[in-house]
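Enquirer: Any chance you could fold what I've pasted below:
(2 chains)
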Amino acid sequence: MLEDTFSELEQVRLKKLRALESAGIDPYPTRAGQTHTSQEAIDAFVKAESQPDASPIRVTAAGRIRSLRPMGKLTFAHIQDRDGKLQLFFRVNDLGEEKMAELSAYYDLGDFIQASGTLFRTKRGEVSLQVEDFKMLAKALRPLPAAKDEVVDGEIVRHAVLSDPETRYRQRYVDLAVNPDVQEIFKIRSATVRALQKFLDDHDFIEVETPILQPIYGGAAAQPFVTHHNQLHQELYLRISFELYLKRLLVGGLERVYEIGRDFRNEGVSYKHNPEFTQLEFYWAYADYLMVMDFTEQMVAFAAEKVLGTTMVNFNGHQINLAPPWQRVDLRQAILEAVDIDIELNPTAESLQAALESRQIKHKPGMTRGKLIDALIGEFLEPNYIQPTFLCNYPRDISPLAKSIPGNPSVVERFEGFVGGMELCNAFTELNNPLDQEQRFIEMGRAYADDDEEQHPMDDDFVNALSYGMPPAGGFGIGVDRLVMLFTGRRSIREVILFPHLRSQDDEDQG
RNA sequence: GGCCCUCUAGCUCAACUGGCAGAGCAGUUGACUCUUAAUCAAUUGGUUCGGAGUUCGAGUCUCCGGAGGGUCACCA
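Expert: Numbers count the residues shown, from 1 in each chain, chains lettered A, B, ... in the order given. Have a look, this model is predicted:
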C-alpha cells in the first residue's frame, strides 16, 4: 500500500488531504482553468504598462507551488508552469479570513493550484498576480526534494539541488519537476528530432516505420534481445538496426526513405551506450558515400542552427564547430600517421598482428584483420577527433553491407563521423549486388565461426530482395542520443534519455 | 564481467586515531500586510543501503550481498 510507505512528513500531507475532503473540497478536481502561462501573463502586463489607459489584466494561472512565504495576513508564493514562474500575492483584504485560513491549512509546496485575479507590480518590482480566488488542482502527498534559488549579484544560486544520479534517473519525474535545466535538455532533444525530420522532408525523403520485432536481426554487429511470439511459436529479435528493411524499400521504389526510432543492443551499458537508443537512418537512391558526406554536414549544421541558433557547441571542455566542411581523413593514411603501419601492406590478420607486435601495440589474439583495424581506430584515432571528422574508406571485412571502391576490392566506400572523440554516425555506398551480398554474409559467418555470439546471420529474404534490383544508393545512420549529447553538452547518454536503463531494484528480499 | 570510489533525516551535506549521529533547507507550532534561500522564536524527524563478524563500544574496521558512479573489457 502506498500509505504504508509514507514518512511522518508525508502522513502530515495525507491528513491535509483528508481534511480537504472533509471540508467538501475535492483535492483532485476534474476541471482546471488557465488563461495565461506565467510568461504570457508577465508579457501581457509589461505591454499594458506602457499604455497609460490600459485596463487591469485578469488572469487565471495554474501551476505547481514552488515557494510559499506566509507573513501573517499576506502570503507570497511562486507557481511554476511550462514556461516559467509567476508570483502569487495572497492578501486577507482580497480573500477574507476564511480563504486565507484555507491556504495556510491545506496548501504545501508541490501542490498544483489554480489562482485568478489581476496582475500588478509589487513594491520590489516583480510582476505578480493579486489573487482573488484560488483552488486546489492536485494535492501532492510526497514533498519534492527541497531546492531553493537565491539570487546573488544577479546570478541564480541553487541550494540543495536534487543531484543523486540514481534518484534522478529512477524518478525522472522528480528530476524534471525540480531541475529546470533537465527540462531544457528534453526540449532540445525534441527540437533536434524535429529539425532532422524537417531537413530530410525538405529533401524529399519520406519517413517510414519498419518492424522492431524481426525474425532475423541484421544491419549491424551486435547482440540482440530475444523474445518469443506465443501463438506463432516463433523466436523474434528486437532490431539492432533498420538497415535491411529500409534497403528493401529502395528495391520497392521508395527512393528516399528515413526512419527515426529505437534500436536495441544487448551489450554493455556505458556513458555512451544504452541498451535501447535512438537512431536515424536514411537511404538515398542514386547517391554514394561522398554525397552522403556532404549531406551529413549540412544536416547536422542545419539542426544545430535550428535548435541552438549556432553551430558552435561546448562538449567535454571543447569548443566544437559543427559547420561544414568537416575534416576528411583517409583511414589508411590516418593509421599510417598514428602508428606507422600501412594496413594496405598488411593484407592478412597475421601480418598486421606482426606489425602491431613490432610496435609493442597490445591486441587480443585471434582477431580478424578488420577487428584489429577497428581496435586501432578506437584506440588511436577516435579519441583525437574532437572537431567533426569523417574517417573514410574502411576495410571490406568489417563492412559486409558496403560496396568496394572501384579497383580496390579490399576497401569499401564507407565513412564514420566522429565529434568530441565519439563516433556519431556511420555511412556507406550500399552494396546492391545480390551475389556479392550473399558471399559477404557467408564470409561473415565464417569469420565469426569460433564466436557464435557475433555471427552475422544470413538474411535470405534480403538477398532475395536485392536480386530484384536495388538502385545504387548511399545509406546513413546516426546516433540521435549522441547528437543530443553534443547539442546539450552532456557527457553521459543517460542525461539525454528520459528513462535510461538501470538495474531493476527489488525493494525487499535482496541477496 | 574485472578494478576503484560512493551510499548518513524528505533534499544537500557534517561527524578526528572506533567513543552520546549533527547542520542548513523542508516539516510542525507561534509572531509578522511587499516577501522572494523572507525573517524571528520554539520544535519533530535516523533500520547510518541490507546481513554477518571483530570490539567493552562500529556511521567509522573486516567479510558477504545490493544499488549507483568512474574506469577497463565488450560494443564491425
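Enquirer: Which positions in the longest helix anywhere in chain A come out as buried?
Expert: Determined from DSSP state H, the single longest helix within chain A is helix A:180-202. By neighbour count on 16 or more other C-beta atoms under 10 Å, the buried set for helix A:180-202 is A:182, A:185-186, A:188-189, A:191-193, A:195-197, A:199-200. (Each C-beta comes from the backbone N, C-alpha and C, glycine too.)
Enquirer: any idea which of those is closest to RNA strand B?
Expert: The closest of the buried residues of helix A:180-202 to RNA strand B turns out to be residue A:182 (C-beta to the nearest atom of the strand; 13.4 Å).
Enquirer: Next, the contact list for that closest one, please.
Expert: For residue A:182, the contacting residues are A:168, A:172, A:175, A:176, by C-beta atoms under 8 Å, 6 or more residues apart in numbering.
Enquirer: out of the residues you listed, who's nearest residue A:310?
Expert: residue A:176 (25.6 Å; C-beta to C-beta).
Enquirer: List phi and psi for the closest one.
Expert: Main-chain dihedrals, residue A:176, degrees, to the nearest 10: phi -60, psi -40.
Enquirer: Quick one, grab the pLDDT at it.
Expert: Residue A:176 is assigned a pLDDT of 92 by the prediction.
Enquirer: Looks like it contacts residue A:184 (just checking).
Expert: No: judged on C-beta atoms under 8 Å, residue A:176 makes no contact with residue A:184 at a distance of 10.3 Å.
Enquirer: And for residue A:464, the neighbour number?
Expert: Residues lying near residue A:464 (other C-beta atoms under 10 Å) number 13.
Enquirer: residues contacting the nearest residue in space to it that is not next to it in sequence?
Expert: In this structure, residue A:464 finds its nearest non-sequential neighbour in residue A:434, 7.7 Å apart by C-beta to C-beta, 6 or more residues apart in numbering. Contacts for residue A:434 (C-beta under 8 Å, 6+ apart) come out as A:463, A:464, A:466, A:467.
Enquirer: Among those, find the one with the greatest number of neighbours, please.
Expert: residue A:466 (23 neighbours).
Enquirer: Nearest residue to it in space, please, no chain neighbours.
Expert: Nearest residue to residue A:466 in three dimensions, chain neighbours excluded: residue A:434, at 3.8 Å (C-beta to C-beta, 6+ apart).
Enquirer: what sits up against the helix or strand following the longest helix of chain A?
Expert: Going down the chain from helix A:180-202, the next helix or strand is strand A:206-207, by DSSP states H and E. If you take C-beta under 8 Å, 6+ apart as the criterion, strand A:206-207 is touched by A:197, A:200, A:201, A:254, A:256, A:257, A:258, A:259, A:260.
Enquirer: So the fourth one versus residue A:207, what's the distance?
Expert: Residue A:254 sits 11 Å away from residue A:207 when distances are taken as C-beta to C-beta, to the nearest Å.
Enquirer: what comes up buried for stretch A:278-290?
Expert: Here stretch A:278-290 shows A:278, A:279, A:280, A:281, A:282, A:283, A:284, A:285, A:287, A:288, A:289 as buried, counting by 16+ other C-beta under 10 Å.
Enquirer: mind listing which of these are in strands?
Expert: Within these, residues falling in strands by DSSP state E are A:278, A:279, A:280, A:281, A:282, A:283, A:284, A:285.
Enquirer: Same list (the buried residues of helix A:180-202) but as a markdown table, adding pLDDT and distance to RNA strand B.
Expert: Output for the buried residues of helix A:180-202, formatted as a markdown table (pLDDT from 0 to 100; distance: C-beta to the nearest atom of the strand, whole Å):
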| residue | pLDDT | distance to RNA strand B |
| --- | --- | --- |
| A:182 | 91 | 13 |
| A:185 | 94 | 15 |
| A:186 | 95 | 17 |
| A:188 | 96 | 20 |
| A:189 | 96 | 18 |
| A:191 | 97 | 25 |
| A:192 | 97 | 22 |
| A:193 | 97 | 23 |
| A:195 | 98 | 26 |
| A:196 | 98 | 22 |
| A:197 | 98 | 25 |
| A:199 | 98 | 25 |
| A:200 | 98 | 23 |
